[in-house]
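In: Below: sequence and its predicted model.
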Amino acid sequence: MDALKSALQLTKTKNVENRLTEEVVRAKAMLDRLRNIARLMHAVLGLDQKTIAEIKGRQRKSGCVEHDLIVVYNLVSAIN
């Protein structure tokens with residue numbers, strides 16, 4: 001994320017932003033998505049163990065809850 005921020009800043013500094021319009025737009029969109037992922041990751045990591053155990057212990061999980069749990073486990077595994 002820092003490299004992307006630096007690259008965007010460099011396009012402004014070198015005054016080439018208008019020649020790289022499409023790339024700058026894509027880079028800004030990607031940076032927004034990365035910021036959102038980081039925000040969600042911190043929210044997931046902030047869950048207390050009681051909440052995680054309660055969600056995990058439910059007998060019937062809807063499809064979206066099960067998908068969300070898979071994402072949470074993958075995030076936690078990637079960080080640990």
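Out: Looks like it came in fine.
In: In three-state terms, label residue 47 for me.
Out: Secondary structure state of residue 47, per DSSP: H, G, I helix; E, B strand; the rest coil, is coil.
In: all helices of this structure, in order?
Out: Ranges of helices within the chain are 2-13, 21-45, 49-57, 63-79, based on DSSP state H.
In: And the last one, what does it pack against?
Out: Packed against helix 63-79 by the contact rule (3 or more C-beta pairs under 8 Å, 6 or more residues apart in numbering; DSSP states H and E) you find helix 21-45, helix 49-57. Using the backbone N, CA and C atoms, a C-beta is placed for each residue, glycine as well.
In: Worst mean pLDDT among those helices?
Out: Mean pLDDT per stretch puts helix 49-57 lowest among the helices and strands packed on helix 63-79, at a mean of 76.
In: re the thing from before, pipe the helices of the chain into CSV and attach mean neighbour count per row.
Out: Formatted as CSV, these follow (neighbours: other C-beta atoms under 10 Å):
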stretch, mean neighbour count
helix 2-13, 12
helix 21-45, 12
helix 49-57, 10
helix 63-79, 12
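In: Walk me through the domains of the protein.
Out: Domain ranges of the chain: 1-46, 48-80, per automatic domain parsing.
In: can you tell me the distance between the two ends of the longest one?
Out: By C-alpha to C-alpha, to the nearest Å, the extent of domain 1-46 from end to end equals 21 Å.
In: to the chain's geometric centre, what's the distance from it?
Out: Between the centre of domain 1-46 and the centre of its chain there are 12 Å (C-alpha atoms, centre = their mean, to the nearest Å).
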